[in-house]
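>>> could you look at this predicted model? Sequence included:
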Amino acid sequence: MSAFKVSVSKLGAGVGQLQLRGNSDEDDKARKQVRKGLSAHFEKGRCRIVVEASELEWASADVLGAIAGDFLRAVEAGGGIAFAGLQGEARELADHLGMTQFVEAHPDVDAAKAALKAAAHEDGELRESRLKLMTTTANGGRVQVLLPCGSLSEGDLDQAQAMFAQLLENQPSKILLDGQRWLDLDAEGAAALVQFATQCQGAGMQLVGSQVWGIPRALLEVMGLTAFLPLYDSPEEALATLS
């Protein structure tokens, strides 16, 4: 297996390339390298990004999560992210996690670049945060619904913790975390979620999750966090446990 490497280059006005090589499992800093490369493109106004992965031997879930987490940010800025040359085991994992349903995979850089151009619009603005948290209610207002949109990771903890604190202050008896637009989670975000779940239990509140897929679901299960946050495949199943 080769060492993991990330390189950044420009492909034209508003378009950048993030090239991934080697095996990310053998590099503890792989996720940060990917985030740094994506941020470099955003800082220079490039919100259409091709992730060139023809020499990527293996992509760990946290590396794919870093890409998924910035996908929404790119789209909101009028662009997007697409893979080029993703293949082998890296492609299999991305497919398994459902990631290629939104970060589309194309055979080469030209095809990925053309697809991003065709889908682009110019009226968006980059948000500093990659996380948007919304709340609503269900079951006639008896259940508080928390809807994370984007990434719950290290850079977004202040916002997430403020929302968690507000929910705890309001003291709803039942909380549903709806994960249908939740794209990414890292260790720091998971720790904040565990703390929130523990506080809910201590306050006698029920907390369950529904429609959590892809990177967040994989990491929650691998880290054993479903003991703190039970997950259900549909909101109906989750709401039934809260009735």
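That came in fine, so what should we check first? Numbering: from 1, shown residues only.
>>> and for the closest residue to D186 other than its chain neighbours, the neighbour number?
Among residues not flanking D186 along the chain, S153 sits closest, at 4.2 Å (CB to CB, 6 or more residues apart in numbering). The way it works is simple: take the backbone N, C-alpha and C, and place the C-beta from them, glycine included. Neighbour count of S153, defined by other CB atoms under 10 Å: 25.
>>> same check on G189?
A count of nearby residues for G189, using other CB under 10 Å, gives 25.
>>> for it, what are its contacts?
Contacts for G189 (CB atoms under 8 Å, 6 or more residues apart in numbering) come out as 151-154, 156-157, 160.
>>> check L157 too.
L157 neighbours (CB under 8 Å, 6+ apart): 188-189, 192.
>>> and F196, what element?
Secondary-structure assignment from DSSP states H and E places F196 in helix 187-202.
>>> if we can go back for a sec, was I right about the residue nearest to D186 contacting L183?
No: with contacts counted by CB atoms under 8 Å, S153 stays clear of L183, the gap being 10.0 Å.
>>> what is in contact with those two at once?
Counting by CB under 8 Å, 6+ apart, the residues touching both S153 and L183 are 65, 69.
>>> any idea what sits nearest L20, other than its immediate chain neighbours?
Counting by CB to CB, 6+ apart, the residue nearest L20 is L56, at 4.5 Å.
>>> tell me, how many residues neighbour the one you found?
Residues lying near L56 (other CB under 10 Å) number 26.
>>> quick one: contacts for the closest residue to A84 other than its chain neighbours?
With CB to CB, 6+ apart as the criterion, A84 has its nearest non-adjacent residue at 4.1 Å, and that residue is A112. Residues in contact with A112 (CB under 8 Å, 6+ apart) are 50, 82-84, 104, 106.
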